[in-house]
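Student: what follows is a predicted protein model with its sequence.
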Amino acid sequence: MSDAEGVRTEATHDDGGRAAAADLAVARAGRPDARAGLKRAAIGAVVPLALLALWQWTTAAGLFSAVQLPAPGAVVAAGAELVARGELWSHVGISTQRVLLGFVIGGALGLALGSLVGLSAWADRLLSPTIGALRAVPSLAWVPLLILWLKIGENSKLTLIAIGAFFPVFTTVYLALRHVDRKLVEAGRAFGLAGVRLLTTIQLPAIVPAIFSGLRLALAQAWLFLVAAELIASSMGLGFLLTDSQNNGRTDRLLLAIVLLAVIGKITDALLGVAERWAVRRWA
Amino acid sequence: MSDAEGVRTEATHDDGGRAAAADLAVARAGRPDARAGLKRAAIGAVVPLALLALWQWTTAAGLFSAVQLPAPGAVVAAGAELVARGELWSHVGISTQRVLLGFVIGGALGLALGSLVGLSAWADRLLSPTIGALRAVPSLAWVPLLILWLKIGENSKLTLIAIGAFFPVFTTVYLALRHVDRKLVEAGRAFGLAGVRLLTTIQLPAIVPAIFSGLRLALAQAWLFLVAAELIASSMGLGFLLTDSQNNGRTDRLLLAIVLLAVIGKITDALLGVAERWAVRRWA
Amino acid sequence: MSSSAVATLSAPRAGTTRAASLEFRAVGQAFAARRGSRAEKGAHDAVTRVLRDVHLTLVPGEIVALLGPSGSGKSTLLRIAAGLDTPAEGELLVDGTPSTGISERCAVGFQEPRLAPWLSVQENVALGLPRTTDRREGQASVERLLHLVGLDHCAGYRPAEISGGMAQRASLARALARRPGVLLLDEPFGALDALTRMKMQDLLLRVHEAEPTTVLLVTHDVDEALQLADRVVVLGSDHGIPGARVKHVLEVPGARPRDRDDAALVGLRRTLLTTLGVDTHHH
Amino acid sequence: MSSSAVATLSAPRAGTTRAASLEFRAVGQAFAARRGSRAEKGAHDAVTRVLRDVHLTLVPGEIVALLGPSGSGKSTLLRIAAGLDTPAEGELLVDGTPSTGISERCAVGFQEPRLAPWLSVQENVALGLPRTTDRREGQASVERLLHLVGLDHCAGYRPAEISGGMAQRASLARALARRPGVLLLDEPFGALDALTRMKMQDLLLRVHEAEPTTVLLVTHDVDEALQLADRVVVLGSDHGIPGARVKHVLEVPGARPRDRDDAALVGLRRTLLTTLGVDTHHH
Amino acid sequence: GEGAGGEAAATAAGGKDGALNIDWATYNPLSLVIKEKGWLEEALPGVTVTWVQSAGSNKANEALRSGAVDVGSTAGSAALLARANGSPIKTISLYSQPEWSALVVAKGSAVSSVADLKGKQIAATKGTDPYFFLLQALEANGLAQSDVTVQNLQHADGRTALENGSVDAWAGLDPIMAAAEQNGAKLLFRNIDFNTYGFLNATESFLAERPEQAQAVVDVYEKARGWAASNLEETTEILAKAAGIEPAVAAKVLKERTRLAIDPVPGEAQRKVLEKVGPIFVASGDVSGQDRIDEALASLFEPGLVSKAVK
Ligand SMILES: Nc1ncnc2c1ncn2[C@@H]1O[C@H](COP(=O)(O)OP(=O)(O)OP(=O)(O)O)[C@@H](O)[C@H]1O
Ligand SMILES: Nc1ncnc2c1ncn2[C@@H]1O[C@H](COP(=O)(O)OP(=O)(O)OP(=O)(O)O)[C@@H](O)[C@H]1O
Ligand SMILES: [Mg+2]
Ligand SMILES: [Mg+2]
């Protein structure tokens, strides 16, 4: 474990299995898990806190006017005001719900279609050019089309978010399936696995890391598409708060919306990270 | 090669190496590459053509009014009008240039930072919470901030596109590096490789497929972020054409912009696909 | 590792899997040189011939050992038998009918263990069970097999947590779990120490006795071939002509278990080593 | 595979790499049971002890063969020697100084070939070259090594395109390319046929003669151990106590090359087999 | 801004007799009053009224185009543009004569007249009222469009660009403009007649199929107009709450910059402004020909309903 340059060796992140001397010693010394978690969180907070300090300093020094960049305190006040009006939680709640639903739908479709196109040469030839083209259609461009087809209700919003979540999962699954260890797939085939059983027994477990990198990108993209989705006739949600504050020149609320999107985005991502760790322990 | 259910077996897509009887026979029968390519393109065109026919049919049947969904002919006419005004190529040219530049910058940064954070436990703890939070900040939310910091020139547009391209590469590289075959990394370390040399000799080549899935998503996301970028003081570009037509109710131009974004997005993606095939032949 | 365990293993479904015959007819195999690889540059021909004109018939229930120098095409022939590759020339017949693709009736023990890293040893072995196996019955036979190959204490370990020899035994157990008509084994005992190797050879013979299946066994150990096989087949190429073919076929006399010091075997051993190019008097 | 080639291999940099001594002092190793794995459930202790109290000293230039049942901890000990794992107890000394982490002076031939799939055989072997090697010189010595292990005709092949035995030879060549002070080999000849195996054993001895390095060789072949080693070390565990330790150390008499039928060796062979649990009179 | 009453119900949008989909917008104070008071629901018992927010004229037009709303509020210029590009809408009433656009310069700017803008950078959002205001202002002061550089930026971004010095002037829009003023920005040039009125538009199919509902909408708007005139303080409060802006800003917008007490019948005054704006659309290529502008202008107004209402 020559970790001299601060470059992590594989062993350092090895959750399962091999625990050599040092780890055993630690294990004997008691459960430092909680403390380690705290320390980790503290280190992770360094950069955000530094950014916050920088923000506070620039506004205090008057580099930007209050409308250009309100002070952190003003943003907190704007948040407090929304809380007092009982609106903040509705914004957060409805957006989170939309993102999660859209993410689940889009992610599931991405997994299914990515598997199909990744494994069937026919589906690949037939579908991947079209899917590749649709991938580059911006979220904002979908808005008028979706309004046309699905009107302005919740369906069109969820569809747009699902579209956003679909592509990262589709792409990563589709590309990763091509590179599953051939020897393992061959072993599976030699033992009579084929089609869906081969997929679920060998191919999908083998790409669990790739699936999760697709899912994490999909979740992030679902949040990105939320703003476009909430341009579709909504009066609630963080995306709405963002555009509305922008239109009304409420920079403090605008920043509040950005910070909330970042924080909630990170929280949902962290939850997905927990699922990932579990899955990786199980499958990789 | 029991390919009964039309589910592709690994061997079918095996570009390199093992070529069994059938392939040898084909190779002896002459070079069918060009014909195969044509056939592939024809199959890939089936779905787009079907969509086009559906589009033509719905407009002809009067399901939607011409402002809701103009006929394909009207979109072509709108394109011809823009060509006649000498504007179309500037739109396409400037957008392509912005996307490619932003993609290169964002992709390179994503690769570098993804490697650093993926391999150094310290960088991971310090940076990944912040990066995870920034990932969920929507493109539209960056616009006011970038205008504030970078003014309204080309820089702010490129930065926004680079931000879009950064995250997919960062995420896939970061997550894939954790799952490089431990035995191989260990072998590399046993032969004195460490740090950057280990990264370039073992770790990066091992994740070439993941890098490319990140790059392809990054390119797509660069096109997505283009629309937001071209909200920043532009009077040219496909993103501008899109928003402008949307605001003006020029649905024909709006659809033209969408189709162009899809087609050019797909073309750039296909070029990246060629690079990927080359890289995969070289490294995987 | 009792005989009774072996018997129990076979008991519940005895007779369902009948040993099959296996016939290679004028089989040849060639590989395309990798495009763009350096190998191609100097080569006149983009195709490397590995096997040529291989004729070989295994009768049902027979054990045939396949010997040959490293790189001579033993694994390639086994892959063809398993239906994993289609031969470039000739054909493969299973039970008299031409076979393409993977046959349900074959089981393979690969040269490398090829265990799925995310499955426990036990789950990996269970992969080998025939698809129709009843859940409970399957679990029981996996447990018996793990016991037989001496891995019962680490049924729940992942492949990364077991030693090379243990992985090889798990791979053997997986192939046996299939209870196939034809058992194809590629150096199944290569990574085992002397004692474990003997135990495993023993196990194979007892399983074969309880339920006689056709076995094609690749090995690089002449003694092992002589201990286990009814016939020993040696692959090799003629000087200057690319592609290996069957150079020798030897009937091994005597019923198993055989005595290593039997004069006939000692003679055969010498013959085989000479065929393989080993000077038995030096060293 | 000429002696002159071996000589040339060593010539240009002769003397730069001095054989090192290697000492295990009360080394013990244990593994944490996988969290959440089934293995854990029944177990009383979450830690599996593999090695305990291993004392062993290799003098510079000595060849030591390591024998032991499958799963006894041979590879684990080798990994500790290579600095890939830190022992849970005790310490490792290279040339008398405690060593942690990977030592520049060791080279490892792993039990599996571990070749990078995207590099050609030649490039894989070149990975083994010491970092300071001059480009041209490096290329020349890779070519010589490929010739010595009989892989010159497939220098440009990818690992997926070569046979198991060929991969093992490539892995051996990579370890030799390092010209290490200590050479750690984990069953380097396991996948080779009799003839190739002899050639490779021969090669090892000649390389050792030209440039005497310290060799720790894991093998499961008693004859091989007796042919190659100065001393044979047997790992094994005492009944009921978890963790293997050094059970026997045997000096092998006679200079190399040795005659297999030498009476002393035959006796030693019998002793070793008995130690390993093989009844040499049966079979 | 809540009133999310109909986010889910809006799915059922479309021409059912028992439903009316109508927009509300912060730039249409009367719609806020009506929604707040529930007058429309009162006037149309048995009809499910669904309120949909429009974030701007462009969004209102989009909703009208897709049939997501039956009645929507836009600026006059936007209504003309939509009709000229084939959107089947008619202006049934005017909700205000706003002075929502003006030319703005930053605090301490050396620019003191429109003429000073020659060679300077000006931020504006193409296709919106402030943009047309800018073009008319330039023309009125003897400058051509080519004498300045127009930077196309969203309204809020234009303000940022002005304040960080990226541009020298900004064709602003309320309420952002009012907020900028509070922050020290100066109005360089204003002229209420260069603004194009607030148009209340309905789709043709709605007018044809449900004229009674249309009449009711127009009637309720007139009721609101009367109420707002006499309850300015409360109207201000309603606006401040709906738009999430400071009460002071809301007061400024409503009291100084918006004329609610106007003749609500679309006619000559509006035609005069729109005739100036029309050719600009053609020149910029946003509309493919002047004939379409002429056609649209000739057919846009539907004064019948509101004439009946004011009687
Ligand atoms: N995919 C492939 N592409 C090109 N050549 C290949 C491929 N697979 C095998 N070969 C070649 O075929 C030959 C025979 O390989 P095979 O694996 O059958 O040997 P083997 O007899 O099993 O050897 P060993 O005892 O070393 O395992 C080798 O020379 C190898 O280079
Ligand atoms: N990462 C690990 N986690 C848990 N147990 C492990 C791990 N690695 C090895 N072991 C255990 O250590 C023991 C010794 O393994 P090792 O690989 O050293 O055996 P070996 O002597 O090399 O055997 P073989 O001859 O079969 O290769 C085995 O019982 C194995 O299960
Ligand atoms: Mg082989
Ligand atoms: Mg081992």
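Tutor: The structure has been received and is ready for your questions. All figures in this text were calculated on a predicted structure; none of them were measured in a lab. Numbers count the residues shown, from 1 in each chain, chains lettered A, B, ... in the order given. Ligands and ions are numbered 1, 2, ... in the order given.

Student: shouldn't E:Leu297 be within a helix?
Tutor: Yes: checked against DSSP: H, G, I helix; E, B strand; the rest coil, E:Leu297 lies within a helix.

Student: give me the neighbour count for it.
Tutor: 18 (other C-beta atoms under 10 Å in any protein chain shown). From N, CA and C alone the C-beta is placed, and that goes for glycine too.

Student: that one contacts E:Arg271, doesn't it?
Tutor: Yes: contact criterion C-beta atoms under 8 Å: E:Leu297 and E:Arg271 qualify, at 6.4 Å.

Student: hey, C-alpha coordinates of stretch C:177-195 in CSV?
Tutor: Extracted in CSV, the C-alpha atoms of stretch C:177-195 (Å, rounded to 0.1, in the frame of the first residue of the first chain):
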residue,chain,number,x,y,z
ALA,C,177,-23.4,-29.9,-11.8
ARG,C,178,-24.6,-30.0,-15.4
ARG,C,179,-24.5,-33.8,-15.5
PRO,C,180,-23.9,-33.6,-19.2
GLY,C,181,-23.9,-36.2,-22.0
VAL,C,182,-20.4,-34.9,-22.9
LEU,C,183,-18.0,-33.4,-20.4
LEU,C,184,-15.3,-31.2,-21.9
LEU,C,185,-12.5,-30.4,-19.5
ASP,C,186,-9.6,-28.1,-20.3
GLU,C,187,-6.8,-28.9,-17.9
PRO,C,188,-9.0,-29.2,-14.9
PHE,C,189,-6.3,-30.1,-12.5
GLY,C,190,-3.5,-27.8,-13.7
ALA,C,191,-3.4,-25.6,-10.6
LEU,C,192,-3.7,-28.3,-8.0
ASP,C,193,-1.1,-29.7,-5.6
ALA,C,194,-0.3,-33.4,-5.8
LEU,C,195,-2.7,-34.5,-3.1
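
Student: quick check: buried residues in it?
Tutor: Counting neighbours by 16 or more other C-beta atoms under 10 Å in any protein chain shown, one finds that the buried residues in stretch C:177-195 are C:177-195.

Student: now do stretch E:47-60
Tutor: E:47, E:49-60.

Student: got the domain boundaries for chain A?
Tutor: A:1-31, A:33-63, A:66-283 (automatic domain parsing).

Student: need these in TSV (columns: mean pLDDT, distance to ligand 2 and mean neighbour count).
Tutor: Formatted as TSV, the domains of chain A follow (pLDDT from 0 to 100; distance: least, C-beta to the nearest ligand atom, whole Å; neighbours: other C-beta atoms under 10 Å in any protein chain shown):
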stretch	mean pLDDT	distance to ligand 2	mean neighbour count
domain A:1-31	39	4	15
domain A:33-63	85	21	12
domain A:66-283	90	14	22
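
Student: so which of the ones you listed gets nearest ligand 3?
Tutor: Checking these against ligand 3 by C-beta to the ion gives domain A:66-283 as the closest, at 12.7 Å.

Student: do a quick rundown of the helices in the stretch 151-283 of chain C.
Tutor: Along the stretch 151-283 of chain C, counting by DSSP state H, counting those that start in this stretch, helices occupy C:164-177, C:194-210, C:222-228, C:263-275.

Student: what's the distance between the closest residue to chain D within the stretch 101-250 of chain A and E:Gly285?
Tutor: Closest contact between the stretch 101-250 of chain A and chain D, by C-beta to the nearest C-beta, is at A:Arg182 (7.5 Å). Going from A:Arg182 to E:Gly285 by C-beta to C-beta, to the nearest Å gives 56 Å.

Student: mind listing the strands for the stretch 51-200 of chain E?
Tutor: In order along the chain, the stretch 51-200 of chain E carries the following strands (DSSP state E, counting those that start in this stretch): E:71-75, E:89-98, E:101-105, E:121-124, E:149-152, E:169-173, E:186-189, E:198-203.

Student: name the helices or strands packed onto the fourth one?
Tutor: The elements that strand E:121-124 packs onto, with contact taken as 3 or more C-beta pairs under 8 Å, 6 or more residues apart in numbering or on different chains; DSSP states H and E, are helix E:129-140, strand E:149-152, helix E:155-163, strand E:169-173.

Student: got the angle for the third one vs helix E:129-140?
Tutor: Relative orientation of helix E:155-163 versus helix E:129-140 (axes from the mean of the first three to the mean of the last three C-alpha atoms, to 10 degrees): 50 degrees.

Student: for helix E:155-163, which outside residues touch it?
Tutor: A:65, A:67-68, A:246-247, A:249, A:254, B:143-144, B:147-148, B:151-152, B:231-233, E:104-106, E:123-125, E:128, E:130, E:151, E:153, E:166-167, E:169-173, E:176-177, E:180, E:183, E:185 (C-beta atoms under 8 Å, 6 or more residues apart in numbering or on different chains).

Student: that helix - what's its average pLDDT?
Tutor: For helix E:155-163, the mean per-residue pLDDT is 84.

Student: the shortest one now?
Tutor: Model confidence over strand E:149-152 averages 86 on the pLDDT scale.

Student: what of the first one?
Tutor: Taken as a whole, helix E:129-140 has an average pLDDT of 88.

Student: what of the last one?
Tutor: Model confidence over strand E:169-173 averages 91 on the pLDDT scale.

Student: give the contact list for the nearest residue to A:Gly114 once chain neighbours are set aside.
Tutor: Leaving out its chain neighbours, the residue that sits closest to A:Gly114 by C-beta to C-beta, 6 or more residues apart in numbering or on different chains is A:Val173, at 3.1 Å. By C-beta under 8 Å, 6+ apart, A:Val173 lies in contact with A:110-111, A:114-115, A:118, A:207, A:210-211, A:214.

Student: same check, this time on E:Glu62
Tutor: E:Glu62 neighbours (C-beta under 8 Å, 6+ apart): A:143-144, A:147, B:246, B:249, E:68.

Student: same question, E:Tyr221
Tutor: By C-beta under 8 Å, 6+ apart, the neighbours of E:Tyr221 are E:30, E:34, E:93, E:95, E:200, E:264, E:306, E:309.

Student: and it, how close does it get to ligand 4?
Tutor: 87 Å (C-beta to the ion, to the nearest Å).

Student: looking at the strands of the stretch 51-200 of chain E, which has the lowest confidence?
Tutor: strand E:149-152 (a mean of 86).

Student: and the helices of the stretch 151-283 of chain C: which comes nearest chain D?
Tutor: Using C-beta to the nearest C-beta, the helices of the stretch 151-283 of chain C put helix C:164-177 closest to chain D, at 3.0 Å.

Student: counting neighbours, what do you get for the residue of the stretch 51-200 of chain C found nearest ligand 2?
Tutor: When scored by C-beta to the nearest ligand atom, the stretch 51-200 of chain C has C:Gly165 as its residue closest to ligand 2, at 2.5 Å. The number of residues packed near C:Gly165 is 28, by other C-beta under 10 Å.

Student: quick check, it in contact with C:Leu195.
Tutor: No: contact criterion C-beta under 8 Å: C:Gly165 and C:Leu195 do not qualify, at 10.8 Å.
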